[in-house]
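1. Just need the structure, nothing else, for what follows:
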Amino acid sequence: MQRPILLDQGGHVDDLLSTLLLWLSPEVELQAVGVTNAGCYADLAYETTLKMATYLNLEGPEIAVSNEEVPNPFPVNWRDDSVVINELPLFEDIALKRRYQTERPRRSDIVFSDCLKASRVPVTIVATAPLTNLAKVFRQNPELEEKVKEIYIMGGALKVAGNVELNETDGSAEWNTYADPYAFKAILNSKIPIKLHSLDLTNNLPVTEDFLKRLEEQAVKSKASKLASRLWQLVSGKGFQYYFWDTSTAAAIIEPSLFKYKTVKIDVTTDGVSRGKISTGLFGHKVQLANSVEKSSVENLILSIFSMV
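-> The predicted structure follows:
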């Protein structure tokens, strides 16, 4: 039986690739995808998501958008990548589906709420973006917490350095938790079981040249592999190491047995130079922290999923 999934993604390359993985996976029933104003401009990332679906002839989930700005916005140069991604040469001959040309997308929090209300079985949520939209869902409808089986969150850094390198911060936070630490705190305080995929794990999962070569080799016969390869190429030459951040989190949904978790108590700093920092302690909130996976297993799963179409 397919697992019902709601995905809230942040619109950048890794978010889009995790969307594709979940959409293509036969183990998953992707019911809705929300696009958050994170590492993107949400309207452009929404359009890109539709173009990906058209290119691969995919249907199913409702695609929703939130144009609400997060408290601590992502860098403008990251968000500007939305323009380049949306104009990917593969999309040149693709017209958006007519129904999307005549109808504005619904708000993410409304779509997620409707899905949870209608579901007869507990739903799993995947968040590869700041938790702004999801916190709003449960703030407005706290009874819906009972409809959630668990939430997988890509975010945080515990025993490793963060990746927020701004003058007004101390470098301890990861971008998703930094962007909206208040929303992370709200979900942490909820009754929803949390599986956290932090930089402590993903720092061991770099996207290597060897992996990209294998992906390009299967792109000859696979449109999904070709699309994934072109998306990764957009960021592979920018002078910094890219990792399987969101894509490994999606992999944990598709094949949970690959990952090992340990129970930890955590809290998040919401203000000051350490805002977004995740700390462990006796008085924190229990989460399951992903702490082990074989990199080759993640790579093989991703390649296998992308080879399907």
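
2. Could you pull out the strands in the stretch 151-300 of the chain for me?
-> Along the stretch 151-300 of the chain, counting by DSSP state E, counting those that start in this stretch, strands occupy 194-197, 260-268, 278-280, 285-292.

3. First-to-last residue distance for stretch 24-41?
-> End-to-end span of stretch 24-41 (CA to CA, to the nearest Å): 24 Å.

4. correction: stretch 254-268
-> 28 Å.

5. cool, stretch 252-261 as well?
-> 11 Å.

6. same check, this time on stretch 250-259
-> 12 Å.

7. One more: stretch 53-67?
-> For stretch 53-67, the first and last residues are 21 Å from each other (CA to CA).

8. Could I get the buried residue list for that stretch?
-> 53, 54, 55, 56, 58, 61, 62, 63, 64, 65, 66 (16 or more other CB atoms under 10 Å). In this view, the C-beta of every residue, glycine as well, is placed from N, C-alpha and C.

9. go on, stretch 133-145?
-> Residues 133, 134, 135, 136, 137, 138, 144 are the ones in stretch 133-145 that count as buried (16+ other CB under 10 Å).

10. for stretch 228-240, same thing?
-> Judged by neighbour count (16+ other CB under 10 Å), stretch 228-240 contains these buried residues: 228, 229, 230, 231, 232, 235, 236.

11. residue contacts, the first one?
-> This means residue 228. 17, 20, 215, 219, 306 (CB atoms under 8 Å, 6 or more residues apart in numbering).

12. what's the pLDDT at it?
-> If you check residue 228, the pLDDT there is 98.

13. do the same with residue 101
-> Here, the pLDDT recorded for residue 101 equals 46.

14. and if you look at the one 5 residues further on?
-> Residue 106 carries a pLDDT value of 96.

15. That one and residue 62 touch, don't they?
-> Yes. With contact defined as CB atoms under 8 Å, residue 106 reaches residue 62; the gap is 7.2 Å.

16. Inside helices: which ones of the buried residues of stretch 53-67?
-> Judged by DSSP state H, the subset of the buried residues of stretch 53-67 located in helices is 53, 54, 55, 56.

17. Neighbours of residue 43, how many?
-> 16 (other CB atoms under 10 Å).

18. Assess the claim that it and residue 64 are in contact.
-> No. In this structure residue 43 lies outside contact range of residue 64 using CB under 8 Å: 11.9 Å.

19. Can you list the buried residues in stretch 68-85?
-> In terms of neighbour count (16+ other CB under 10 Å), stretch 68-85 has its buried residues at 70, 72, 74, 78, 79, 81, 82, 85.

20. What are the phi and psi values at the fifth one?
-> Dihedral pair for residue 79: phi -70, psi -30, per degrees, to the nearest 10.

21. Look up how far residue 46 lies from it.
-> Using CB to CB, to the nearest Å, we find residue 79 at a distance of 14 Å from residue 46.

22. now do the last one
-> Counting by CB to CB, the gap between residue 85 and residue 46 amounts to 12 Å.

23. lowest average confidence, helix or strand, in the protein?
-> The least trusted helix or strand in the chain, going by mean pLDDT, DSSP states H and E, turns out to be helix 98-102, with a mean of 45.

24. in this protein, which segments are predicted with low confidence?
-> The model of the chain has pLDDT under 70 over residues 95-102, 238.

25. List the contacts of the most centrally placed residue in the chain.
-> Nearest residue to the geometric centre of the chain (CA atoms, centre = their mean): residue 128, 2.2 Å. Contact analysis of residue 128 by CB under 8 Å, 6+ apart lists 7-10, 14-15, 18, 154, 176, 245-246, 249-250.

26. And for residue 127?
-> Applying CB under 8 Å, 6+ apart to residue 127 gives the contacts 7, 8, 134, 151, 152, 153, 154, 155, 176.

27. With residue 85 instead?
-> By CB under 8 Å, 6+ apart, residue 85 lies in contact with 12, 13, 16, 40, 44, 45, 48, 231, 234.

28. Can you get me a residue count around residue 120?
-> By other CB under 10 Å, 7 other residues sit near residue 120.

29. same check, this time on residue 131
-> Using other CB under 10 Å, residue 131 has 29 other residues around it.

30. try residue 258
-> With other CB under 10 Å as criterion, residue 258 counts 17.

31. my guess is residue 27 contacts residue 256, does it?
-> No. In this structure, residue 27 is not within contact of residue 256 by CB under 8 Å, at 9.5 Å.
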